[in-house]
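K.L.:
predicted model and sequence follow; I will ask about them next.
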Amino acid sequence: MAARHVLVDLLGFTGSRGGTETYVRELLPRVDALLPDVRFAAITGRTGTARVGAFFPGRVHTVRAVGADPATWALGAVAATDAIARRNRADLVWAPANFGPVLRGVPRVVTVHDAIYDEVPGGLADRAQRAVTSWLMRRSARTADRVLTVSHSAAESIRRNLGVDPARITVVHNGSTAPRPVPDPAGVLASLPLPSGRPIVLSVGNRMPHKNFPGLLAAVAALPRSERPVTVIAGSRLPDPLGDEVARLGLERDVVLPGWVSDDQLEALFQIADLYVCPSLVEGFGLPVVDALRRSVPVLANDVPVLREVGGDAARYADATDATAFGAAIAAALSSPPDAATRAQARDWASGFTWDEAAEATAAELDRVLRSGGRR
(Lines give C-alpha, C1' and ligand atoms only; values in the text may rest on other atoms or scores of the structure.)
Protein backbone atom coordinates (compact mmCIF):
# COMPACT_ATOMS: atom_id res chain seq x y z
CA MET A 1 0.00 0.00 0.00
CA ALA A 2 1.30 3.44 -0.91
CA ALA A 3 2.11 5.73 1.98
CA ARG A 4 -0.70 7.98 3.10
CA HIS A 5 0.09 11.51 4.18
CA VAL A 6 -1.35 13.33 7.21
CA LEU A 7 -0.68 16.99 7.91
CA VAL A 8 -0.97 17.87 11.61
CA ASP A 9 -1.91 21.47 12.38
CA LEU A 10 0.27 22.52 15.34
CA LEU A 11 0.28 26.23 14.56
CA GLY A 12 -0.81 27.07 18.11
CA PHE A 13 1.89 25.01 19.86
CA THR A 14 4.00 27.21 22.15
CA GLY A 15 4.96 24.87 25.01
CA SER A 16 2.76 26.74 27.47
CA ARG A 17 -0.81 25.79 26.62
CA GLY A 18 -1.29 23.01 29.13
CA GLY A 19 -3.50 20.01 28.49
CA THR A 20 -3.94 20.37 24.74
CA GLU A 21 -0.18 20.25 24.27
CA THR A 22 0.22 17.30 26.64
CA TYR A 23 -2.37 15.56 24.45
CA VAL A 24 -0.30 16.16 21.32
CA ARG A 25 3.03 15.18 22.89
CA GLU A 26 1.65 11.94 24.29
CA LEU A 27 -0.40 10.86 21.26
CA LEU A 28 1.67 11.70 18.19
CA PRO A 29 4.56 9.26 18.69
CA ARG A 30 2.13 6.48 19.67
CA VAL A 31 -0.24 7.10 16.75
CA ASP A 32 2.72 7.16 14.36
CA ALA A 33 3.80 3.71 15.59
CA LEU A 34 0.27 2.35 15.11
CA LEU A 35 -0.03 3.59 11.51
CA PRO A 36 3.22 2.47 9.84
CA ASP A 37 1.92 3.24 6.33
CA VAL A 38 1.13 6.86 7.25
CA ARG A 39 3.65 9.67 6.90
CA PHE A 40 3.05 12.52 9.32
CA ALA A 41 4.17 16.09 8.75
CA ALA A 42 3.44 19.10 10.97
CA ILE A 43 3.04 22.81 10.49
CA THR A 44 3.83 25.09 13.39
CA GLY A 45 4.61 28.72 14.09
CA ARG A 46 7.92 30.38 14.90
CA THR A 47 7.54 29.75 18.64
CA GLY A 48 6.78 26.06 18.30
CA THR A 49 9.41 24.85 15.84
CA ALA A 50 12.03 23.59 18.30
CA ARG A 51 9.46 22.29 20.78
CA VAL A 52 7.48 20.38 18.16
CA GLY A 53 10.64 19.01 16.60
CA ALA A 54 11.60 17.46 19.93
CA PHE A 55 8.74 14.94 19.86
CA PHE A 56 7.09 14.98 16.42
CA PRO A 57 7.61 11.78 14.37
CA GLY A 58 8.03 13.46 10.99
CA ARG A 59 8.93 16.64 9.13
CA VAL A 60 8.10 19.95 10.79
CA HIS A 61 7.38 22.97 8.59
CA THR A 62 7.50 26.45 10.10
CA VAL A 63 4.94 29.04 9.04
CA ARG A 64 6.95 32.16 9.80
CA ALA A 65 3.91 34.44 9.86
CA VAL A 66 2.48 32.62 12.89
CA GLY A 67 3.77 33.69 16.30
CA ALA A 68 2.75 32.88 19.86
CA ASP A 69 -0.34 35.08 19.83
CA PRO A 70 -3.80 33.54 19.25
CA ALA A 71 -4.59 35.96 16.41
CA THR A 72 -1.85 34.78 14.05
CA TRP A 73 -2.52 31.15 15.03
CA ALA A 74 -6.19 31.55 14.10
CA LEU A 75 -5.34 33.35 10.85
CA GLY A 76 -2.87 30.64 9.92
CA ALA A 77 -5.37 27.86 10.63
CA VAL A 78 -8.04 29.58 8.54
CA ALA A 79 -5.90 30.83 5.66
CA ALA A 80 -2.87 28.54 5.42
CA THR A 81 -3.53 25.01 6.69
CA ASP A 82 -5.72 23.70 3.88
CA ALA A 83 -3.60 25.41 1.21
CA ILE A 84 -0.43 23.81 2.60
CA ALA A 85 -2.17 20.45 2.77
CA ARG A 86 -3.21 20.70 -0.89
CA ARG A 87 0.21 21.87 -1.99
CA ASN A 88 1.85 18.91 -0.25
CA ARG A 89 -0.82 16.44 -1.44
CA ALA A 90 -1.88 15.49 2.08
CA ASP A 91 -4.63 12.90 2.30
CA LEU A 92 -5.85 14.19 5.66
CA VAL A 93 -5.50 17.17 7.98
CA TRP A 94 -5.61 16.54 11.72
CA ALA A 95 -6.17 19.62 13.86
CA PRO A 96 -5.62 18.39 17.46
CA ALA A 97 -5.99 21.72 19.30
CA ASN A 98 -9.67 22.74 19.02
CA PHE A 99 -9.86 24.24 15.54
CA GLY A 100 -8.37 24.28 12.07
CA PRO A 101 -9.70 25.29 8.64
CA VAL A 102 -13.30 26.51 8.60
CA LEU A 103 -14.23 25.48 5.04
CA ARG A 104 -14.53 22.05 3.48
CA GLY A 105 -11.34 21.06 1.71
CA VAL A 106 -8.82 18.29 2.33
CA PRO A 107 -10.51 15.65 4.54
CA ARG A 108 -10.11 16.70 8.15
CA VAL A 109 -10.29 15.39 11.70
CA VAL A 110 -10.43 17.98 14.47
CA THR A 111 -10.01 17.33 18.17
CA VAL A 112 -12.27 19.69 20.11
CA HIS A 113 -11.26 19.39 23.74
CA ASP A 114 -14.16 21.44 25.09
CA ALA A 115 -16.66 24.20 24.33
CA ILE A 116 -15.56 26.30 27.29
CA TYR A 117 -15.73 29.58 25.39
CA ASP A 118 -19.48 29.02 25.14
CA GLU A 119 -19.93 27.57 28.62
CA VAL A 120 -17.99 30.31 30.45
CA PRO A 121 -17.88 33.47 28.31
CA GLY A 122 -15.52 35.37 30.63
CA GLY A 123 -15.43 39.07 31.46
CA LEU A 124 -16.15 42.04 29.24
CA ALA A 125 -12.48 42.60 28.42
CA ASP A 126 -12.00 39.28 26.65
CA ARG A 127 -15.49 38.44 25.41
CA ALA A 128 -14.83 39.70 21.88
CA GLN A 129 -11.75 37.50 21.46
CA ARG A 130 -13.55 34.53 22.99
CA ALA A 131 -16.52 35.07 20.67
CA VAL A 132 -14.20 34.93 17.65
CA THR A 133 -12.53 31.77 18.94
CA SER A 134 -15.93 30.19 19.58
CA TRP A 135 -17.00 30.99 16.01
CA LEU A 136 -13.81 29.47 14.58
CA MET A 137 -14.32 26.32 16.65
CA ARG A 138 -17.94 26.06 15.59
CA ARG A 139 -17.16 26.42 11.88
CA SER A 140 -14.15 24.10 12.07
CA ALA A 141 -16.12 21.39 13.90
CA ARG A 142 -19.14 21.61 11.61
CA THR A 143 -17.05 21.29 8.44
CA ALA A 144 -14.76 18.51 9.74
CA ASP A 145 -15.27 14.93 8.63
CA ARG A 146 -14.82 13.69 12.18
CA VAL A 147 -14.71 15.37 15.58
CA LEU A 148 -12.76 13.77 18.41
CA THR A 149 -13.21 14.88 21.99
CA VAL A 150 -11.91 13.78 25.36
CA SER A 151 -15.00 13.14 27.52
CA HIS A 152 -18.69 12.40 27.22
CA SER A 153 -19.38 15.67 29.00
CA ALA A 154 -17.39 17.56 26.37
CA ALA A 155 -19.22 15.69 23.60
CA GLU A 156 -22.56 16.85 24.96
CA SER A 157 -21.29 20.42 25.22
CA ILE A 158 -20.02 20.30 21.63
CA ARG A 159 -23.42 19.02 20.46
CA ARG A 160 -25.28 21.68 22.40
CA ASN A 161 -23.03 24.69 21.83
CA LEU A 162 -21.34 24.01 18.48
CA GLY A 163 -24.24 22.26 16.80
CA VAL A 164 -22.30 19.14 15.75
CA ASP A 165 -24.24 15.98 14.96
CA PRO A 166 -23.45 13.44 17.74
CA ALA A 167 -23.00 10.77 15.06
CA ARG A 168 -19.85 12.59 13.92
CA ILE A 169 -18.34 12.85 17.41
CA THR A 170 -16.09 10.18 18.91
CA VAL A 171 -15.11 10.25 22.58
CA VAL A 172 -11.54 9.19 23.33
CA HIS A 173 -10.54 9.75 26.94
CA ASN A 174 -7.14 11.21 27.66
CA GLY A 175 -4.53 9.12 29.42
CA SER A 176 -2.85 9.66 32.75
CA THR A 177 0.87 10.21 33.09
CA ALA A 178 2.88 7.64 35.03
CA PRO A 179 4.58 9.00 38.18
CA ARG A 180 8.20 10.02 37.83
CA PRO A 181 9.14 10.68 41.48
CA VAL A 182 12.17 12.81 42.17
CA PRO A 183 14.69 11.60 44.78
CA ASP A 184 14.82 14.89 46.70
CA PRO A 185 11.52 16.80 46.45
CA ALA A 186 12.57 19.37 49.05
CA GLY A 187 15.72 20.15 47.09
CA VAL A 188 13.81 20.44 43.80
CA LEU A 189 11.39 22.88 45.46
CA ALA A 190 14.02 24.85 47.40
CA SER A 191 13.41 27.96 45.27
CA LEU A 192 9.72 28.08 46.24
CA PRO A 193 8.68 29.84 49.47
CA LEU A 194 6.90 26.87 51.04
CA PRO A 195 6.34 27.21 54.81
CA SER A 196 7.09 24.04 56.73
CA GLY A 197 4.83 22.22 59.17
CA ARG A 198 1.53 22.96 57.42
CA PRO A 199 -0.63 20.84 55.09
CA ILE A 200 -0.04 21.45 51.39
CA VAL A 201 -2.95 21.88 48.94
CA LEU A 202 -1.98 21.82 45.27
CA SER A 203 -3.86 23.09 42.22
CA VAL A 204 -2.59 23.57 38.67
CA GLY A 205 -3.92 25.36 35.61
CA ASN A 206 -3.95 28.48 33.49
CA ARG A 207 -5.75 31.60 34.64
CA MET A 208 -8.74 31.42 32.31
CA PRO A 209 -12.08 32.17 34.01
CA HIS A 210 -13.38 28.60 33.95
CA LYS A 211 -10.53 27.43 36.18
CA ASN A 212 -12.24 29.32 39.05
CA PHE A 213 -9.08 29.97 41.04
CA PRO A 214 -10.65 33.04 42.66
CA GLY A 215 -13.24 30.60 44.00
CA LEU A 216 -10.47 28.46 45.49
CA LEU A 217 -8.89 31.52 47.09
CA ALA A 218 -12.24 32.56 48.55
CA ALA A 219 -12.65 29.06 49.99
CA VAL A 220 -9.23 29.20 51.66
CA ALA A 221 -10.03 32.68 53.01
CA ALA A 222 -13.27 31.31 54.50
CA LEU A 223 -11.27 29.01 56.78
CA PRO A 224 -10.08 30.20 60.19
CA ARG A 225 -6.49 31.43 59.93
CA SER A 226 -5.25 28.67 62.21
CA GLU A 227 -6.76 25.98 59.94
CA ARG A 228 -5.58 27.26 56.56
CA PRO A 229 -3.28 24.99 54.56
CA VAL A 230 -0.53 26.31 52.33
CA THR A 231 -2.18 26.43 48.90
CA VAL A 232 0.11 26.22 45.87
CA ILE A 233 -1.47 27.27 42.55
CA ALA A 234 0.98 26.64 39.71
CA GLY A 235 0.59 27.36 36.02
CA SER A 236 0.90 31.05 35.15
CA ARG A 237 3.36 33.55 33.84
CA LEU A 238 4.67 35.94 36.46
CA PRO A 239 3.53 38.31 37.79
CA ASP A 240 0.56 36.06 38.44
CA PRO A 241 -2.82 37.73 37.84
CA LEU A 242 -4.08 36.02 41.02
CA GLY A 243 -1.64 38.08 43.08
CA ASP A 244 -4.04 40.99 43.53
CA GLU A 245 -6.78 38.68 44.79
CA VAL A 246 -4.38 36.99 47.21
CA ALA A 247 -3.48 40.43 48.62
CA ARG A 248 -7.11 41.55 48.78
CA LEU A 249 -8.07 38.48 50.80
CA GLY A 250 -5.02 38.74 53.07
CA LEU A 251 -3.68 35.34 52.00
CA GLU A 252 -0.03 36.27 51.47
CA ARG A 253 1.10 33.79 54.15
CA ASP A 254 -1.25 31.06 52.94
CA VAL A 255 -0.91 30.99 49.14
CA VAL A 256 2.15 30.38 46.95
CA LEU A 257 2.02 31.36 43.26
CA PRO A 258 5.15 29.83 41.69
CA GLY A 259 4.28 30.52 38.05
CA TRP A 260 5.21 27.85 35.52
CA VAL A 261 7.01 24.94 37.13
CA SER A 262 9.29 22.35 35.58
CA ASP A 263 8.27 18.71 35.18
CA ASP A 264 10.48 17.80 38.15
CA GLN A 265 8.99 20.56 40.27
CA LEU A 266 5.46 19.42 39.45
CA GLU A 267 6.33 15.84 40.39
CA ALA A 268 7.86 17.09 43.63
CA LEU A 269 4.72 19.13 44.39
CA PHE A 270 2.60 16.02 43.91
CA GLN A 271 4.95 14.15 46.25
CA ILE A 272 4.55 16.65 49.08
CA ALA A 273 0.87 17.54 48.51
CA ASP A 274 -1.69 16.44 51.09
CA LEU A 275 -4.60 17.25 48.76
CA TYR A 276 -5.13 18.16 45.13
CA VAL A 277 -8.02 20.58 44.55
CA CYS A 278 -9.74 21.21 41.20
CA PRO A 279 -12.22 24.11 41.50
CA SER A 280 -12.96 24.31 37.74
CA LEU A 281 -16.44 25.28 36.64
CA VAL A 282 -16.06 23.15 33.50
CA GLU A 283 -13.28 21.16 31.82
CA GLY A 284 -12.83 19.15 28.67
CA PHE A 285 -11.23 16.37 30.71
CA GLY A 286 -9.23 17.44 33.76
CA LEU A 287 -5.82 15.79 33.35
CA PRO A 288 -4.38 16.89 36.73
CA VAL A 289 -7.22 15.08 38.53
CA VAL A 290 -6.24 11.67 37.17
CA ASP A 291 -2.54 12.47 37.45
CA ALA A 292 -2.99 13.30 41.14
CA LEU A 293 -5.04 10.15 41.81
CA ARG A 294 -2.43 8.03 40.05
CA ARG A 295 0.15 9.48 42.45
CA SER A 296 -1.95 8.59 45.52
CA VAL A 297 -2.79 12.25 46.18
CA PRO A 298 -6.37 12.67 47.46
CA VAL A 299 -8.53 14.85 45.21
CA LEU A 300 -11.32 17.29 45.96
CA ALA A 301 -13.09 18.54 42.81
CA ASN A 302 -15.93 20.83 41.97
CA ASP A 303 -19.13 18.82 41.68
CA VAL A 304 -19.70 19.02 37.93
CA PRO A 305 -20.36 16.14 35.49
CA VAL A 306 -17.00 16.14 33.68
CA LEU A 307 -15.00 15.92 36.90
CA ARG A 308 -17.22 13.11 38.17
CA GLU A 309 -16.61 11.34 34.84
CA VAL A 310 -12.86 11.66 35.30
CA GLY A 311 -12.62 11.23 39.08
CA GLY A 312 -15.32 8.59 39.56
CA ASP A 313 -15.61 7.33 43.12
CA ALA A 314 -11.89 7.94 43.65
CA ALA A 315 -12.31 11.69 44.30
CA ARG A 316 -14.37 13.82 46.67
CA TYR A 317 -16.70 16.52 45.40
CA ALA A 318 -18.17 19.78 46.68
CA ASP A 319 -19.67 22.97 45.25
CA ALA A 320 -16.73 25.23 44.39
CA THR A 321 -19.05 28.19 43.78
CA ASP A 322 -19.90 28.25 47.52
CA ALA A 323 -16.76 29.50 49.28
CA THR A 324 -17.86 28.46 52.75
CA ALA A 325 -18.91 24.95 51.68
CA PHE A 326 -15.81 24.41 49.55
CA GLY A 327 -13.54 25.65 52.31
CA ALA A 328 -15.21 23.26 54.74
CA ALA A 329 -14.72 20.42 52.23
CA ILE A 330 -11.01 21.23 51.97
CA ALA A 331 -10.69 21.16 55.75
CA ALA A 332 -12.62 17.88 55.97
CA ALA A 333 -10.48 16.24 53.29
CA LEU A 334 -7.28 17.28 55.06
CA SER A 335 -8.53 16.08 58.46
CA SER A 336 -9.63 12.65 57.18
CA PRO A 337 -7.14 11.46 54.55
CA PRO A 338 -7.87 8.16 52.76
CA ASP A 339 -6.30 4.95 54.02
CA ALA A 340 -3.85 2.85 52.03
CA ALA A 341 -6.55 0.64 50.49
CA THR A 342 -8.56 3.65 49.29
CA ARG A 343 -5.45 5.24 47.80
CA ALA A 344 -4.69 1.98 45.98
CA GLN A 345 -8.21 1.91 44.54
CA ALA A 346 -7.77 5.50 43.37
CA ARG A 347 -4.48 4.58 41.67
CA ASP A 348 -6.20 1.68 39.92
CA TRP A 349 -8.99 3.97 38.71
CA ALA A 350 -6.59 6.57 37.35
CA SER A 351 -4.36 3.95 35.76
CA GLY A 352 -7.34 2.89 33.64
CA PHE A 353 -6.89 6.08 31.61
CA THR A 354 -3.94 5.28 29.35
CA TRP A 355 -2.32 7.14 26.49
CA ASP A 356 -1.79 3.80 24.72
CA GLU A 357 -5.54 3.18 24.59
CA ALA A 358 -6.17 6.79 23.60
CA ALA A 359 -3.66 6.41 20.75
CA GLU A 360 -5.28 3.18 19.53
CA ALA A 361 -8.73 4.79 19.38
CA THR A 362 -7.35 7.95 17.75
CA ALA A 363 -5.38 5.99 15.15
CA ALA A 364 -8.53 4.02 14.31
CA GLU A 365 -10.49 7.22 13.67
CA LEU A 366 -7.74 8.74 11.52
CA ASP A 367 -7.51 5.51 9.53
CA ARG A 368 -11.29 5.44 9.12
CA VAL A 369 -11.36 8.91 7.58
CA LEU A 370 -8.33 8.15 5.41
CA ARG A 371 -10.00 5.02 4.04
CA SER A 372 -13.26 6.81 3.34
CA GLY A 373 -11.56 9.67 1.57
CA GLY A 374 -13.48 12.15 3.71
CA ARG A 375 -16.92 10.89 2.75
CA ARG A 376 -19.16 11.47 5.76
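P.N.:
Perfect, I can see it now. Numbering: from 1, shown residues only.

K.L.:
next one: Leu148 from Pro36, what distance?
P.N.:
Distance of Leu148 to Pro36, given as CB to CB, to the nearest Å: 21 Å. In this view, the C-beta of every residue, glycine as well, is placed from N, C-alpha and C.

K.L.:
no, scratch that, I was asking about Ala97
P.N.:
Distance from Ala97 to Pro36, counting by CB to CB: 25 Å.

K.L.:
tell me which of the two has more neighbours.
P.N.:
Per other CB atoms under 10 Å, whichever of Ala97 and Pro36 has more neighbours is Ala97, with 22 against 9.

K.L.:
need the strands for the stretch 101-250 of the chain, in chain order.
P.N.:
Using DSSP state E, counting those that start in this stretch, the strands of the stretch 101-250 of the chain run over residues 108-111, 146-149, 169-171, 200-204, 230-234.

K.L.:
tell me where the model's unsure across the stretch 101-250 of the chain.
P.N.:
For the stretch 101-250 of the chain, residues meeting the criterion pLDDT under 70 lie at 121-129.

K.L.:
quick one, helices of it?
P.N.:
Remark: helices assigned in the stretch 101-250 of the chain by DSSP state H, counting those that start in this stretch are 116-119, 127-143, 152-157, 185-188, 213-221, 243-248.

K.L.:
dump those helices to a markdown table, plus distance to Ile272.
P.N.:
What follows is the helices of the stretch 101-250 of the chain, written out as a markdown table (distance: least, CB to CB, whole Å):
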| stretch | distance to Ile272 |
| --- | --- |
| helix 116-119 | 30 |
| helix 127-143 | 36 |
| helix 152-157 | 31 |
| helix 185-188 | 5 |
| helix 213-221 | 18 |
| helix 243-248 | 20 |
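
K.L.:
which stretches of the stretch 251-376 of the chain have low pLDDT?
P.N.:
Along the stretch 251-376 of the chain, segments meeting pLDDT under 70 span 374-376.

K.L.:
what are the ranges of the strands in it?
P.N.:
Using DSSP E, counting those that start in this stretch, the strands of the stretch 251-376 of the chain run over residues 255-256, 275-278, 299-302, 316-318.

K.L.:
and the contacts of the third one?
P.N.:
This means strand 299-302. Applying CB atoms under 8 Å, 6 or more residues apart in numbering, the contact partners of strand 299-302 are 212, 275-281, 286, 289, 292-293, 307-308, 311, 314-321, 326, 329-330, 333, 346.

K.L.:
among the residues you listed, which lie within helices?
P.N.:
Those of the contacts of strand 299-302 mapping onto helices are Val289, Ala292, Leu293, Leu307, Arg308, Gly311, Phe326, Ala329, Ile330, Ala333, Ala346, per DSSP state H.

K.L.:
I appreciate the help and will end here.
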